[in-house]
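Novice: 3D model of this:
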Amino acid sequence: MAALFSGRVLIRNNGDQDELDTEAELSSRLDNRLVLLFFGAGSCPRCQAFAPVLRDFFTRLTDEFYVLRAAQLALVYVSQDTTGEQQDLFLKDMPRKWLFLPFEDDLRRELGRRFSVERLPAVVVLKPSGEVLTRDAAEEIRRLGPACFANWQEAAELLDRGFLPPEDLDDPAPRSLTDPLRRRKYRVDRAERGAQGPAAGGAPGSEGGAGELF
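Specialist: Below you'll find the predicted structure:
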């Protein structure tokens, strides 16, 4: 999978914006994982509405608050923003584990053409081999949330026996004295969210114009 970005630089969305610019660094972040290419732009209202949904999806599969071991999942934001400032603003509240291409890298546009991205937002799911698993998973992520990862994992024949999905967090062995409290809070929060229904911003019928590309 790292071959897709061979000779390029990917940047971690953390405070230091660490650069991954060697084959070894790219491989450690991308190989043997499902890779999501998220095509979006800060000027696109539908992207603004979808971004919190995708952020929650990614966090629940990779953050240790929700899982004992992160899923074999990586996400690369392929910005279609018109300025670097717009790209930085869009990424400001996104997960630190997200990766993104430098704004000046023309691969941002090339990937859009390669994967036939015509509307924003779009999420292309790639198998570890680089083969396209799903050309646009945005709607699936909205409907199923983290549950759709198991479907992709099975379709990609990606074995990960250590990953523990959020719905299995009721009875795992605690890692620390505070773990039971954290899990209880998670279950209460999850129950409250279920009672309230899905967030309005993540509804499939969210208003706002879609960005047209290429």
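
Novice: neighbours of Gly42, just the number please.
Specialist: Neighbourhood size, Gly42 [other C-beta atoms under 10 Å]: 20. The C-beta positions use only the backbone N, C-alpha and C, and glycine is treated the same way.

Novice: Look up how far Gln80 lies from it.
Specialist: Computed as C-beta to C-beta, to the nearest Å, the Gly42 to Gln80 distance reads 9 Å.

Novice: cool, and Gly130?
Specialist: In this structure, Gly130 and Gln80 are 21 Å apart, going by C-beta to C-beta.

Novice: of those two, who's got more company?
Specialist: Between Gly130 and Gln80, counting by other C-beta under 10 Å, Gln80 is the more crowded of the two (25 against 12).

Novice: Was I right to think that one contacts Arg108?
Specialist: Yes - assessed by C-beta atoms under 8 Å, Gln80 is found in contact with Arg108 at 6.9 Å.

Novice: Give me the common contacts of those two.
Specialist: Common neighbours of Gln80 and Arg108, counting by C-beta atoms under 8 Å, 6 or more residues apart in numbering, are absent.

Novice: Do a quick rundown of the strands in this structure.
Specialist: 10-12, 19-20, 34-40, 73-79, 99-100, 119-120, 122-126, 132-134, 211-212 (DSSP state E).

Novice: returning to what we had before: any residues in contact with both of Gly42 and Gln80?
Specialist: Contacts common to Gly42 and Gln80, judged by C-beta under 8 Å, 6+ apart, are absent.

Novice: how close does Leu107 get to Cys148?
Specialist: 27 Å.

Novice: just to revisit the earlier point, of the strands of the chain, which is nearest Ile141?
Specialist: Closest approach to Ile141 among the strands of the chain (C-beta to C-beta): strand 122-126, 6.5 Å.

Novice: Next, the angle strand 34-40 makes with the closest one.
Specialist: With axes from the mean of the first three to the mean of the last three C-alpha atoms, to 10 degrees applied, the angle from strand 122-126 to strand 34-40 works out at 160 degrees.
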